[in-house]
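Student: Below: sequence and its predicted model.
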Amino acid sequence: MPFNIPNSLTWARIALIPLFVGIFYLPESWMTTTHRNELATLLFVIAAVTDWFDGYLARALHQTSAFGAFLDPVADKLMVAAALILLVQLARVDAIIAVVIIGREITISALREWMARVGRSASVAVAYIGKLKTAAQMAAIPLLLFDAPVLSIDVRLLGSILIYVAAALTLWSMGYYLHRALPLLTQHDAE
């Protein structure tokens, strides 16, 4: 496991998850709901920016590694899953939305692992629809965490719309990846 700047940033992102979740379990006397929302939003945004930054640094510093390529998406999925579960508990996201998004991540991760084992990982490489899905999630989640009007904009409503868009893109991208893998899946079933 190579220790370099990009991998260290990814590990830091994973280390933020308990802190991010723990904020919502502090006593009310320690932190108001508004402050919890603000701090959780800040931590989530830091994690999202760090995700972009560690990838950029890995390429710029020529510090890419197989371990980093494995760990980075795991960190992303853990942070998104933790945020969605918290948002369900806070009644800001419907459970079905969280199930769709988290379920897709598990399904596609398993599909990618299987495709890599049979030497066809390029068939399920990240596609534009997957990037759109991620962008919608990364915009929706901080809005839903913040949960307060900004300049008379109903942030929760905007976040709710975006999380439904993210769920639709999640299903679409899952269909896209499964369609790409279907010929190989049926070929291996026949053998």
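Tutor: Yes, it's here. Numbers count the residues shown, from 1 in each chain.

Student: what residues are up against Ala40?
Tutor: 20, 23-24, 86, 145 (C-beta atoms under 8 Å, 6 or more residues apart in numbering). (Each C-beta comes from the backbone N, C-alpha and C, glycine too.)

Student: And it, how far from Thr33?
Tutor: 10 Å (C-beta to C-beta, to the nearest Å).

Student: which residues touch Leu143?
Tutor: Leu143 touches 155-156, 158-159, 162, counting by C-beta under 8 Å, 6+ apart.

Student: repeat that with 7 Å
Tutor: The contact partners of Leu143, by C-beta atoms under 7 Å, 6 or more residues apart in numbering, come to 155, 158-159, 162.

Student: ok, now Ile108?
Tutor: So Ile108 contacts 174, 177 (C-beta under 7 Å, 6+ apart).

Student: For the host helix or strand of it, buried residues please.
Tutor: Using DSSP states H and E, Ile108 falls within helix 95-117. Buried residues in helix 95-117, counted by 16 or more other C-beta atoms under 10 Å: 97-98, 100-102, 104-105, 108, 111-112, 114-115.

Student: any weak-confidence spans in the protein?
Tutor: Screening the chain residue by residue with the criterion pLDDT under 70, one finds the ranges 1-2, 119-126, 185, 188-191.

Student: I'd like to know which elements the top helix by length along it is packed against.
Tutor: In the chain, taking DSSP state H as the definition, the longest helix is helix 155-190. The elements that helix 155-190 packs onto, with contact taken as 3 or more C-beta pairs under 7 Å, 6 or more residues apart in numbering; DSSP states H and E, are helix 95-117, helix 128-146.

Student: Give me the buried positions along it.
Tutor: Buried residues in helix 155-190, counted by 16+ other C-beta under 10 Å: 155, 159-160, 162-163, 165-167, 169-170, 173-174, 176-177, 180-181, 184.

Student: try stretch 136-153
Tutor: For stretch 136-153, by 16+ other C-beta under 10 Å, it's 136-147.

Student: and the closest residue to Pro149 other than its chain neighbours, what does it touch?
Tutor: Closest residue to Pro149 apart from its sequence neighbours, by C-beta to C-beta, 6 or more residues apart in numbering: Val155 at 6.1 Å. Contacts for Val155 (C-beta under 7 Å, 6+ apart) come out as 143, 146-149.

Student: Go again with 10 Å.
Tutor: Applying C-beta atoms under 10 Å, 6 or more residues apart in numbering to Val155 gives the contacts 37, 41, 142-149.

Student: can you put the residues you listed in TSV and add distance to Arg13?
Tutor: Output for the contacts of Val155, formatted as TSV (distance: C-beta to C-beta, whole Å):
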residue	distance to Arg13
Asn37	20
Thr41	16
Pro142	15
Leu143	20
Leu144	19
Leu145	16
Phe146	20
Asp147	23
Ala148	25
Pro149	29
